[in-house]
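# task: produce atomic coordinates for the following.
(4 chains)
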2 protein chains.
Amino acid sequence: MASNTQAPAALDVIAVLHALADPVRLDIVRQLRESDTAIACGRFDTRVAKSTLSHHFKTLREAGIIATHRDGGQALNTLRTAELEASFPGLLGAIFRQAQP
Amino acid sequence: MASNTQAPAALDVIAVLHALADPVRLDIVRQLRESDTAIACGRFDTRVAKSTLSHHFKTLREAGIIATHRDGGQALNTLRTAELEASFPGLLGAIFRQAQP
DNA sequence: GAGCCTGTTCGACGATCATGGAACAGGTGG
DNA sequence: CCACCTGTTCCATGATCGTCGAACAGGCTC
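Coordinates of the predicted model:
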């Protein structure tokens, strides 16, 4: 099944902040934000092992930040922008606005 | 000296998010936000020991989220709203907007 | 100066976490 | 069917973290 651990009923502030407070995970979210299409787990630019990546995806999924849709052999990840904006309007914008110098 | 560990030169996203991703610390920030005056360390409504509180203040200070000004016997804490808004405009607003039902 | 109040520092302990390798499970394609 | 490819699960390990009590350090006030 694709149901590793799916999104919670309501977004928890602590869980969301904790999920974003990691360099690898924040980078995953950044890449998802900068992409206009879903990204497969193996297509992310990271320097961590495959199993570590999978663990980070699980954390992001449990926090309700990303959604994973199984599509045949691969798993496509998308940002749950709508839910995120509904609970914490402008959060991702506030976090990534400082990126560009 | 009042210089326990003071604010960093520039705010680090990871440090800020990590500092906010704790129930006790987030509650401290919330109380500071809802107050219009500085609050002494001992005046916060928490259920943790004094030493634990001090440790949380240190974390918030090192992340650049709060500033502590020594005033005689006590230490007055304030939110570094200006610096926070400069680096991550709307971050605190996004986090606390979901508080009220 | 003797207390007292406020906040920090110092271990210490248990829990959580990030990480990686190996084994495993589905799906795809020869 | 037999290789691949993709992603998850299962330990295990080393690091970080939240928590507390006790000791310590300044500043006030009798």
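# and the gap between the residue nearest to the spatial centre of chain A and residue B:90?
By Cα atoms, centre = their mean, the mean C-alpha position of chain A lies nearest to residue A:66, the distance being 3.9 Å. Between residue A:66 and residue B:90 the computed distance is 22 Å (Cβ to Cβ, to the nearest Å). Yep, even glycine has a C-beta here, placed from its N, CA and C like the rest.
# cool, residue A:37 as well?
Taken as Cβ to Cβ, the span from residue A:37 to residue B:90 is 27 Å.
# which one's more surrounded, these two?
residue B:90 (18 against 7; other Cβ atoms under 10 Å in any protein chain shown).
# hang on, the earlier thing: so the nearest residue to the residue nearest to the centre of chain A once chain neighbours are set aside is in which element?
Of all residues not flanking residue A:66 in the chain, residue A:60 sits nearest, at 4.6 Å (Cβ to Cβ, 6 or more residues apart in numbering or on different chains). Residue A:60 is part of helix A:50-62 when elements are defined by DSSP states H and E.
# list the buried residues in stretch A:73-83.
A:75, A:76, A:77, A:79, A:80 (16 or more other Cβ atoms under 10 Å in any protein chain shown).
# what do you get for stretch A:27-40?
A:28, A:29, A:31, A:32, A:38, A:39.
# show me the contact partners of that stretch.
Stretch A:27-40 is contacted by residues A:20, A:44-46, A:56-57, A:60, A:65-66, A:69, A:74-79, A:92, A:96, A:99 when judged by Cβ atoms under 8 Å, 6 or more residues apart in numbering or on different chains.
# quick one on the thing from earlier: show me what the helix holding residue A:60 is packed against.
helix A:13-20, helix A:23-34, strand A:66-71 (3 or more Cβ pairs under 8 Å, 6 or more residues apart in numbering or on different chains; DSSP states H and E).
# and DNA strand D, which of the ones you listed is closest to it?
strand A:66-71 (5.5 Å; Cβ to the nearest atom of the strand).
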